[in-house]
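**Student:** sequence first, predicted coordinates after that:
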Amino acid sequence: MRKVAFITGATRGIGKEIALTLASEGYDIALNYRTMNDSVNTLKSDIESKGVHCLLVKGDVSSYEDAENMIKEIITKLERIDVLVNNAGITKDGLLIRMPKENFNDVINTNLIGTFNVTKMVVSQMLKQKYGKIINISSVVGISGNTGQCNYAASKAGIIGFTKSLAKELGSKNILVNAIAPGYIQTSMTDSLKDEIKEDIAKNIPLKRLGEPKDIANLVKFLASEDSSYITGQVIHVDGGLLM
Ligand code: NDP
């Protein structure tokens with residue numbers, strides 16, 4: 001039977017790499033995007049060149065209605081969802097004292113509420129299938145906190161509580177729920193950091209480098225596979241040893 005993986009926020013960075021990696025493993029891919037452009041169509045072609053289907057599903061994860069419509073479209077067209085990767089995420093950094101409430105709300109609405117919206121719809125389908133793997137992308141910052149990231153750290157800590165609670169609710173239903181806590185990974189999210197700041201960060205990482213999207217995608221591949229069938233409710237760090 002073909003397996004279907006749904007990845008949110010998969011147009012670039014970590015999400016894109018996860019989509020390409022799972023496609024290489026033979027999964028049909030439902031790929032969430034917000035704005036159509038040439039690179040989204042190129043990514044669809046790259047995925048299909050691996051011999052799998054790629055369904056593009058448009059939607060903003062912070063909208064409950066969009067989440068509902070995306071899941072309905074995936075079930076109608078691809079018939080099932082075996083793996084959900086809640087990857088879509090944003091930052092709007094700033095010290096709390098100067099943080100407009102919109103910047104707090106936007107980050108919580110996308111990262112945490114977005115994870116709730118999509119997961120809520122997908123779990124109904126996974127219960128019917130009596131099978132599912134849910135993989136939530138958190139962050140080491142959700143564990144350690146970070147100056148200038150009250151909003152982001154709260155959203156990522158929330159994802160950890162959400163993951164553990166859902167793992168307890170769904171363990172008996174053969175649905176496994178885990179979180180990944182990446183450290184600093186080279187994507188457009190970290191591109192805005194100045195080179196000297198990146199060098200300073202790297203000095204404090206035992207492996208002395210920032211991570212690559214592939215480092216996260218490789219763990220997603222494992223958590224999606226049957227090799228991880230006795231792992232649920234865990235938060236696995238992929239951070240070069242930054243947080244121990
Ligand atoms: P990028 O900024 O490179 O990509 C983010 C992706 O999320 C884009 O595809 C973006 O789509 C999408 N997205 C953002 N908001 C929404 C939304 N409301 N609805 C749907 N899609 C949305 O980030 P990364 O690849 O670096 O990050 C991926 C995940 O990994 C995030 O959850 C992030 O918090 C987490 N992470 C990243 C780390 C890093 O160092 N890079 C470290 C720890 C965690 P669009 O193109 O439309 O903007």
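**Tutor:** All right, it came through fine.
**Student:** may I ask you to name the longest strand in the protein?
**Tutor:** strand 175-182 (DSSP state E).
**Student:** now the element after it, going C-ward?
**Tutor:** helix 188-191 (DSSP states H and E).
**Student:** could you give the average pLDDT over that next one?
**Tutor:** Mean pLDDT, helix 188-191: 91.
**Student:** can you list the strands that the longest strand of the chain pairs with?
**Tutor:** Paired neighbours of strand 175-182 in the sheet (DSSP bridges): strand 132-137 (parallel), strand 235-238 (parallel).
**Student:** got TSV for these, with mean neighbour count too?
**Tutor:** All C-beta atoms are positioned from the backbone trio N, CA, C, and that covers glycine. Output for the strands paired with strand 175-182, formatted as TSV (neighbours: other C-beta atoms under 10 Å):
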stretch	mean neighbour count
strand 132-137	25
strand 235-238	18
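**Student:** out of those, nearest to the ligand?
**Tutor:** Closest to the ligand of the strands paired with strand 175-182, according to C-beta to the nearest ligand atom: strand 132-137, at 4.4 Å.
**Student:** and the helix or strand following that closest one, average pLDDT?
**Tutor:** Once strand 132-137 ends, the next helix or strand along the chain (criterion: DSSP H and E) is helix 141-144. In this model, helix 141-144 has a mean pLDDT of 98.
**Student:** for stretch 108-121, same thing?
**Tutor:** 98.
**Student:** need the contact list for F6.
**Tutor:** Going by C-beta atoms under 8 Å, 6 or more residues apart in numbering, F6 touches 29-30, 32, 57, 70-71, 74, 81, 83-85, 118, 122.
**Student:** burial of D195, as a residue count?
**Tutor:** Here the number of neighbours of D195 (other C-beta atoms under 10 Å) works out to 7.
**Student:** what residues does this protein put near the ligand?
**Tutor:** 8-9, 11-15, 32, 34-35, 60-62, 87-90, 110, 114, 137, 139, 182, 184-185, 187-190 (C-beta under 6 Å from any ligand atom).
**Student:** ok so, going back, how far away from the center of its chain is the longest strand of the chain?
**Tutor:** 9 Å (C-alpha atoms, centre = their mean, to the nearest Å).
**Student:** what of stretch 133-140?
**Tutor:** Counting by C-alpha atoms, centre = their mean, stretch 133-140 comes out at 6 Å from the chain centroid.
**Student:** do the same with stretch 187-207
**Tutor:** On C-alpha atoms, centre = their mean, the centre of stretch 187-207 falls 21 Å from that of its chain.
**Student:** name the residues of it that are buried.
**Tutor:** For stretch 187-207, the buried set under the neighbour-count rule, 16 or more other C-beta atoms under 10 Å, comprises T187, M189, T190, K198, I201, I205.
**Student:** stretch 4-20 now?
**Tutor:** Going by neighbour count (16+ other C-beta under 10 Å), the buried part of stretch 4-20 is 4-20.
**Student:** endpoints of it, how far apart?
**Tutor:** 13 Å (C-alpha to C-alpha, to the nearest Å).
**Student:** give the rounded mean pLDDT of that stretch.
**Tutor:** 98.
**Student:** turn the strands paired with strand 175-182 into CSV, columns for mean pLDDT and distance to S229.
**Tutor:** CSV is the format used below for these (pLDDT from 0 to 100; distance: least, C-beta to C-beta, whole Å):
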stretch, mean pLDDT, distance to S229
strand 132-137, 99, 9
strand 235-238, 98, 15
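**Student:** in TSV: the ones you listed, plus distance to K168.
**Tutor:** TSV is the format used below for those (distance: least, C-beta to C-beta, whole Å):
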stretch	distance to K168
strand 132-137	13
strand 235-238	14
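**Student:** relative to E226, which of these is closest?
**Tutor:** Each of these has some distance to E226 by C-beta to C-beta; the shortest is strand 132-137, at 9.6 Å.
**Student:** helices of the chain, start to end?
**Tutor:** With helices called from DSSP state H, the chain shows them at 13-24, 38-48, 64-78, 101-107, 114-129, 141-144, 150-170, 188-191, 195-203, 213-224.
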